[in-house]
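Asker: this one's structure only:
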């Protein structure tokens, strides 16, 4: 069992999707951009499954340097092969967890949700859990 696996009272994916549902339908994403909710461990759990508590400063670190994110919405050209850019069938869907390099995204908050907008080519990994990377 990993020391970083977090103890969740509620599934983070469901919580984020529920919190963003009201405004996500009225938000348009353009071109090949992807709107992400950055996973913030402090908003979901501060205790690991092994019983360790994380310091509160983890929240501000995740807000600015978080590498795990949930796909909220994609532009119509995201993951569409065009010219030299070929995805070879790779894609992500709304509700997928991905890993990003924080400097690749444009950080913003939509209401109280920390988000980033990235280009489709800036998706680094598709992951099964936001707790698996740091």
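Answerer: On my side now, so go ahead. Because the structure is a prediction, the values reported are computed rather than measured.

Asker: Show me which positions of the longest helix along the chain end up buried.
Answerer: The longest helix of the chain (DSSP state H) is helix 12-24. For helix 12-24, a neighbour-count test (16 or more other Cβ atoms under 10 Å) marks 12-13, 15-17, 20, 24 as buried. All C-beta atoms are positioned from the backbone trio N, CA, C, and that covers glycine.

Asker: Run through the bridge partners of residue 71.
Answerer: For residue 71, the beta-bridge partners are residue 36 (DSSP bridges).

Asker: Let's test this: mean pLDDT of the longest helix of the chain, rounded?
Answerer: Helix 12-24 shows a mean pLDDT of 93.

Asker: list the helices and strands that helix packs on?
Answerer: Secondary-structure packing of helix 12-24 (3 or more Cβ pairs under 8 Å, 6 or more residues apart in numbering; DSSP states H and E): strand 68-74, strand 113-119.

Asker: among those strands, which is nearest residue 96?
Answerer: strand 68-74 (4.8 Å; Cβ to Cβ).

Asker: and the closest one with helix 12-24, angle?
Answerer: 30 degrees (axes from the mean of the first three to the mean of the last three Cα atoms, to 10 degrees).

Asker: The helix or strand following strand 68-74 pairs with which strands?
Answerer: Along the chain past strand 68-74, the next helix or strand (assigned with DSSP states H and E) turns out to be strand 97-99. Strand pairing for strand 97-99, determined by DSSP bridges: strand 68-74 (antiparallel), strand 125-127 (antiparallel).

Asker: mind listing what whatever helix or strand comes next after strand 97-99 pairs with, with the direction of each?
Answerer: For strand 97-99, the following helix or strand on the C-terminal side (DSSP H and E) is strand 106-110. Counting by DSSP bridges, the strands paired with strand 106-110 are strand 113-119 (antiparallel).

Asker: Distance check, residue 6 against residue 88.
Answerer: 33 Å (Cβ to Cβ, to the nearest Å).

Asker: That's all I had, so thanks and see you.
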